[in-house]
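Q: Next comes the sequence, and after it the predicted model I'd like to discuss.
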Amino acid sequence: MQILRRRLLQQKSLKQAIGRCAYSTSKLIDVGQPTPASHPQLMKEGEITPGISTEEYISRRKSLLELLPEKSLAVLAAAPVKMMTDVVPYTFRQDADYLYLTGCQQPGGVAVLSHEGGLCMFMPEAKRHDVTWQGQIAGVDAALETFKAEQAYPISKLDEILPDMIRRSSKLFHNMLTATPTYTDLEAFRKAASTGKVKDLSSFTHELRWVKSPAELKLMRESASIACQALLQTMLHSKAYPHEGMLSAKVEYDCRMRGAQRMAFNPVVGGGSNACVIHYSRNDQIVKDGDLVLMDVGCELHGYVSDLTRTWPPCGRFSSIQEELYDLILQTNKECMKLCKPGSSIRQIHYHSVEMLLKGLKEIGILKKDTFSCYNQVNPTSIGHYLGMDVHDSAVVSYDRPLKPGVVITIEPGIYIPSTFDGPERYCGIGIRIEDEVLITETGCEVLTGSMPKEIKHIESLLNNYSHGTAGMENHNTMAAVTN
């Protein structure tokens, strides 16, 4: 009877396997990136990229054309492929402007936008050798059917078609960061540049990207949530794994397991005095018992990034000196949040943070004078920056610009006292930053990273009440491997 039952189960499993194979081999058009047909678990019908609809991409292009002068032309190239070695490329990341306007996540293309012809895409042509080694890519058909371009041509036709478009235009705007010889070497482009007809496009695209749509904000909330969950798990494991490299690996693992495609930047994991290096990236030291660790992390979800920082003692207890400094940074973080509302600017919030920290650092005895030059020795950074498709998003938009609902910024007060600092020795070698993502709303703000603990009592409670029983021998063996 048992033998018969096993055979029936085997037959059932075989039928299921055949069914799965039949489903997986159904004829789907591969355009080199996810589509609703190829990734129904990821995308809805009518979306070009996860979470962003065809209508929104068309609306973005229409908004750009409304900003551009009449009869002008906008040219954007996809980001170039960057090589690690002669045959090994770095993981490709699309240029934010190109992605924002086309939805195409792949290299090799040039997009042209005009009042006369709408979106014209020049697409790379797949060669059999490249398809065999790297897979399918989006071509002319995908440009028309997936990205909804009004016109599309093979990239080999660009030098025949684009020169006439340039000559007919009143002005030419292009993405200077991704400019490629494919079009900049054209005689028509060089002539336009020599007469002052060529300008940078970023002042227009960054303006459009500055205020986020509801769909973009949904992705940014999800990206922030993933980063918060991953950093919380990393914090809880830091007592068992007090090594910068392990903490970096842990947070990246947890971000990816929750759906992020990549990290927004190389995680900053600074233990002890390494936290005083603002963009520390070596992540190769053991965090000494009693030291703080500063982790600045963010992930990317379908083109939208997160960015947050927390500082804590993996041993589970802040020392009195650490607590004194941490509380100053925490109170500055909270007070700056109150200023995050329509009409304020990053510059205004920054000046307020400097005043608070100057006063506090002088009272503590770290600074002898309350001057900006003294302050810059322990914090040369801004209070924050815009956030979106890039970590420092909409970079050409001034920090003096009054904030609007839909804008996302960071609030990140910090103190970085190097070991060589001419001040009280007990504070030397301590670095602390507390960074949150803040969405400006009609009535004030929403803290997108508010779920990540930052109060001393909450951090200490989590670190000391979290069970590490499952780490056990694995922790011992891993740490032994690292130290050896």
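A: Ah, there it is. What you see is a predicted model; the values in this text were computed from it and never measured.

Q: tell me the centre residue of this structure?
A: The centre of the chain sits closest to residue 305, judged by Cα atoms, centre = their mean, with a distance of 2.9 Å.

Q: Just list whatever residues bridge to that residue.
A: Judged by DSSP bridges, the bridge partners of residue 305 are residue 300.

Q: Correct me if wrong, but residue 112 is in a strand.
A: Yes: when the secondary structure is assigned by DSSP: H, G, I helix; E, B strand; the rest coil, residue 112 falls within a strand.

Q: Just to check, it is in contact with residue 75?
A: Yes: A contact is recorded between residue 112 and residue 75 when judged using Cβ atoms under 8 Å, the distance being 5.4 Å. C-beta: built from backbone N, CA, C; applies to glycine.

Q: Show me whatever sits in contact with both of those two.
A: Residues touching both residue 112 and residue 75 comprise residue 162, with contact defined as Cβ atoms under 8 Å, 6 or more residues apart in numbering.

Q: Around residue 145, how many other residues sit close by?
A: Residue 145 has 14 neighbouring residues, counting by other Cβ atoms under 10 Å.

Q: now residue 67
A: Burial of residue 67, expressed as a neighbour count using other Cβ under 10 Å, amounts to 14.

Q: go on, the one 5 residues further on?
A: For residue 72, the neighbour count with other Cβ under 10 Å is 19.

Q: Pull the contacting residues for residue 371.
A: Contact analysis of residue 371 by Cβ under 8 Å, 6+ apart lists residue 358.

Q: All further residue positions should be reported with the first residue as 44.
A: That works, and once the first residue is 44, the last one we named lands at residue 414.

Q: now it: how far from residue 397?
A: In this structure, residue 414 lies at 11 Å from residue 397, with Cβ to Cβ, to the nearest Å as the measure.

Q: Out of the helices and strands in this protein, which is least certain?
A: Lowest mean confidence among the helices and strands of the chain (mean pLDDT, DSSP states H and E): helix 515-526, at a mean of 41.

Q: how close does the residue nearest to the centre of the chain sit to residue 329?
A: Plainly put, residue 348 is 29 Å away from residue 329 if you go by Cβ to Cβ.

Q: same question, residue 446
A: Counting by Cβ to Cβ, the gap from residue 446 to residue 329 is 42 Å.

Q: and if you look at residue 485?
A: When Cβ to Cβ is applied, the distance between residue 485 and residue 329 equals 48 Å.

Q: Quick check: phi and psi at the residue lying closest to residue 442 once chain neighbours are set aside.
A: Counting by Cβ to Cβ, 6 or more residues apart in numbering, residue 442 lies nearest to residue 389, which is 4.0 Å off, once chain neighbours are set aside. Summarising the backbone geometry of residue 389 under the convention degrees, to the nearest 10, its torsions are phi -60, psi -40.

Q: So residue 485 and residue 329 - more neighbours on which side?
A: More neighbours sit around residue 329 than around the other of residue 485 and residue 329, counting by other Cβ under 10 Å; the figures are 17 against 9.

Q: looking at it, that one is touching residue 285, isn't it?
A: Yes: at 6.3 Å, residue 329 counts as touching residue 285 under the criterion of Cβ under 8 Å.

Q: Overlap of the contact sets of those two?
A: Taking Cβ under 8 Å, 6+ apart as the contact criterion, the common neighbours of residue 329 and residue 285 are residue 314.

Q: how about the strands of the stretch 344-493 of the chain, start to end?
A: Listed in chain order, the strands of the stretch 344-493 of the chain (DSSP state E, counting those that start in this stretch) span residues 347-348, 351-355, 451-454, 457-460, 473-476, 479-483, 488-490.

Q: First-to-last residue distance for stretch 376-387?
A: Across its full length, stretch 376-387 reaches 16 Å end to end, with Cα to Cα, to the nearest Å as the criterion.

Q: Point out where this structure drops to low pLDDT.
A: Within the chain, the set of residues satisfying pLDDT under 70 comprises 44-69, 510-527.

Q: pretty sure residue 279 is in a helix, no?
A: Yes: counting by three-state DSSP, residue 279 falls inside a helix.

Q: what's the neighbour count on it?
A: Using other Cβ under 10 Å, the number of residues around residue 279 comes to 16.

Q: Pull up the gap between the residue nearest to the centre of the chain and residue 434, please.
A: When distance is defined by Cβ to Cβ, residue 348 is 6 Å away from residue 434.

Q: contacting residues for the residue nearest to the centre of the chain?
A: Contacts were defined as Cβ under 8 Å, 6+ apart; by that measure residue 348 touches 266, 307, 341, 342, 430, 431, 432, 433, 434.

Q: What residues of stretch 241-258 count as buried?
A: Using 16 or more other Cβ atoms under 10 Å as the burial criterion, the residues of stretch 241-258 that qualify are 241-242, 244-245, 247-255.
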